[in-house]
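S.K.: Predicted model, plus sequence, below.
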Amino acid sequence: MKIKYLKLKNWFLVTVMSAMGLSSCHSNKELANPQPDNPPVRDQEPIRLMYGVPSMNFMIRGQVKDAGGRPVRDIRVNMLERGMEVADGELQGDPENVKHYLENTAVRTDDEGRFTIQNSGLPQEQVRLLVRDVDGMENGQFRNQVVDMKVEADDVDRSDASGMYQGTYNKEVKIKLENK
């Protein structure tokens, strides 16, 4: 009975670990070469297939100014996750979830209107920022806006990329707000 239990337990653990991606595939076979006059390739790294989720760090710095070119402080900037929809400058979805997301992921601009967002997640072709004025009349009233930035190869530092980690997206952005 104990042996059956241990076999079942081991089978279960191997299955769960495989499903979670806690393994890799490795081959020591020579790489085939279809050219008959060329010998097989031998002195290369073995091919290793890994399970996991690709990731990328995001470092976005920027400055927010008004129509007259003056820096605006206390503007909230959120980096939107893939698939989030914005209509008329407002994030769409369950109101409670939207409020929680906006409050917990926003950065504020300083007295020079500068902000820095540091985030990590799935590599994306485009990064979206939601820029919101939430302080009322204190520094003027501005329309919310979405800033779309295409992720170009030149903007990604791949010097420390390895495996599933794709590197760091570095971008500097200037944002000009429109008055309400």
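M.R.: Ah, there it is.

S.K.: mind giving me the domain ranges of this structure?
M.R.: 2-50, 55-176 (automatic domain parsing).

S.K.: Would you mind finding the most buried of these?
M.R.: Scoring the domains of the chain by mean neighbour count under mean count of other Cβ atoms under 10 Å gives domain 55-176 as the most buried, with a mean of 15. Placement of C-beta: from N, CA and C, glycine included.

S.K.: For the protein, which segments count as strands?
M.R.: 24-26, 48-50, 55-65, 75-80, 86-87, 90-91, 107-108, 114-121, 126-133, 145-150, 156-157, 165-176 (DSSP state E).

S.K.: Just put those in TSV and tack on mean pLDDT.
M.R.: Below are those laid out as TSV (pLDDT from 0 to 100):
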stretch	mean pLDDT
strand 24-26	51
strand 48-50	57
strand 55-65	96
strand 75-80	95
strand 86-87	88
strand 90-91	88
strand 107-108	96
strand 114-121	95
strand 126-133	94
strand 145-150	94
strand 156-157	95
strand 165-176	95
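
S.K.: For the residue nearest the centre of the chain, give me its contacts.
M.R.: The residue lying closest to the centre of the chain (Cα atoms, centre = their mean) is residue 121, at 3.1 Å. By Cβ atoms under 8 Å, 6 or more residues apart in numbering, the contact list for residue 121 reads 55-56, 58, 81-82.

S.K.: let's go with 10 Å and repeat that
M.R.: Counting by Cβ atoms under 10 Å, 6 or more residues apart in numbering, residue 121 touches 53-58, 79, 81-82, 127.
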